[in-house]
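>>> Here is my input, please return the structure:
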Amino acid sequence: MKCLAVVPARGSSKRLPRKNLLDLGGLPLIAWTIRVALESQVCHRVVVSTEDAEIAAVAREHGAEVPVLRPEALAMDDVPNQAAVDHLLFWLQEHQGYQPDAVMNLQPTSPFRSVEDLKAGFAKLGEAGVGSVVSVSPADVPPHLLRLVGEMDGLSDWSAVAGCAAIDSRLRPQYFQLNGALYLERYPRELKGRQVVLRMPRERSLDIDDRWDLEVARALVIAGTVCVPQDSGR
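Okay, here's the model as predicted:
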């Protein structure tokens, strides 16, 4: 199966400016994702989608391809990653005659996913009837503790919270949340199939969205909880 890894990395992030280039363990953040994707060898091409020339240069330095810069219009806050991926796929088809059998979407804000995670996700896609794989991790908060806070600081549906809390914790189901680390699907999308999950532990599921997340990530690297990915030399 011919699999393409796409790393969407716009340069106009707001909550954490230039986050894809910020230092984490001596590497730019985006380099973590590129290195793991290359080392996994499950994707024969690792391509970055960006509108930013500096990000493109750093991506190439660490072994990724950047065959085209995406339009500025596809780098706005309200544009989903999928639009940038679709732009890249269309460009590769039109200019290189290239069409993959599967696309692995790897957000650079999830630096701690492992080579084993990518291999496991790819293996799941190869199972009969599977059309896509999405990564999840144990939920930080069980759903029965989540409620809306309304006007006058009122808490919605408190009785439901109290009822669920009374259940023995050992009997409650295990809930999972999307962690953003991996989304893998067959291509073209007309090839339907069921979606399955790739379970990842919390320590590899950190999503860097703001300054707090970045400082937590840096602390984990310093503590040796995670290892800086090595240059595969590919």
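>>> so His144 sits in a helix?
Yes: under DSSP: H, G, I helix; E, B strand; the rest coil, His144 falls within a helix.
>>> For Met200, see how far away it is.
The gap separating His144 from Met200 is 23 Å, by Cβ to Cβ, to the nearest Å. C-betas here are computed from N, CA, C, even on glycine.
>>> Settle it for me: which of the two has more neighbours?
Set His144 next to Met200 and count neighbours by other Cβ atoms under 10 Å: Met200 wins out with 24 against 15.
>>> Quick check: next helix or strand after the helix with the most length in the chain?
Ranked by number of residues, the top helix in the chain under DSSP state H is helix 81-96. The C-terminal neighbour of helix 81-96 among helices and strands, as given by DSSP states H and E, is strand 102-105.
>>> Name the next helix or strand following that following strand along the chain.
Following strand 102-105 toward the C-terminus (DSSP H and E): helix 115-125.
>>> Quick one: distance of that following helix to the chain centre.
Centroid separation for helix 115-125 versus its chain: 14 Å, with Cα atoms, centre = their mean, to the nearest Å.
>>> so after that helix, what's the next helix or strand?
strand 130-138.
>>> Would you mark the buried spots in that following strand?
By neighbour count with 16 or more other Cβ atoms under 10 Å, strand 130-138 contains the buried residues 130-137.
>>> And the residues you listed, which two are furthest apart?
Pairwise distances across the buried residues of strand 130-138 peak at 21.8 Å for Gly131 and Ser137 (criterion: Cβ to Cβ).
>>> what sits against Glu185?
Each residue near Glu185 by Cβ atoms under 8 Å, 6 or more residues apart in numbering is listed here: 102-103, 125, 131-133.
>>> What's the separation between it and Cys3?
From Glu185 over to Cys3 (counting by Cβ to Cβ), the distance is 10 Å.
>>> any shared contact partners between the two?
102-103.
>>> now the most centrally placed residue in the chain, nearest residue through space, not along the chain?
When Cα atoms, centre = their mean is applied to the chain, the residue found nearest the centroid is Ala181 (3.0 Å). In this structure, Ala181 finds its nearest non-sequential neighbour in Ser110, 3.9 Å apart by Cβ to Cβ, 6 or more residues apart in numbering.
>>> and if you look at Phe122?
In space, Phe122 is closest to Val42, 4.1 Å off (Cβ to Cβ, 6+ apart).
>>> correct me, but the one you found touches Ala120?
No: using Cβ atoms under 8 Å, Val42 makes no contact with Ala120, being 9.6 Å away.
>>> starting at the chain centroid, how far to the lengthiest strand in the chain?
When the chain is parsed with DSSP state E, its longest strand is strand 176-186. For strand 176-186, the gap between its own C-alpha mean and the chain's C-alpha mean amounts to 7 Å (Cα atoms, centre = their mean).
>>> any idea which helix or strand carries the closest residue to Val66 other than its chain neighbours?
Closest residue to Val66 apart from its sequence neighbours, by Cβ to Cβ, 6+ apart: Ala56 at 4.2 Å. Assigned by DSSP H and E, Ala56 belongs to helix 53-61.
>>> That helix: which residues count as buried?
Using 16+ other Cβ under 10 Å as the test for burial, helix 53-61 gives 55-56, 58-59.
>>> For the nearest residue to Ser12 once chain neighbours are set aside, give me its contacts.
The shortest distance from Ser12 to any non-neighbouring residue, by Cβ to Cβ, 6+ apart, is to Ala75 (5.5 Å). Residues near Ala75 by Cβ under 8 Å, 6+ apart: 10-12, 50-52, 84.
>>> same question, Val196
124, 127, 130, 132-134.
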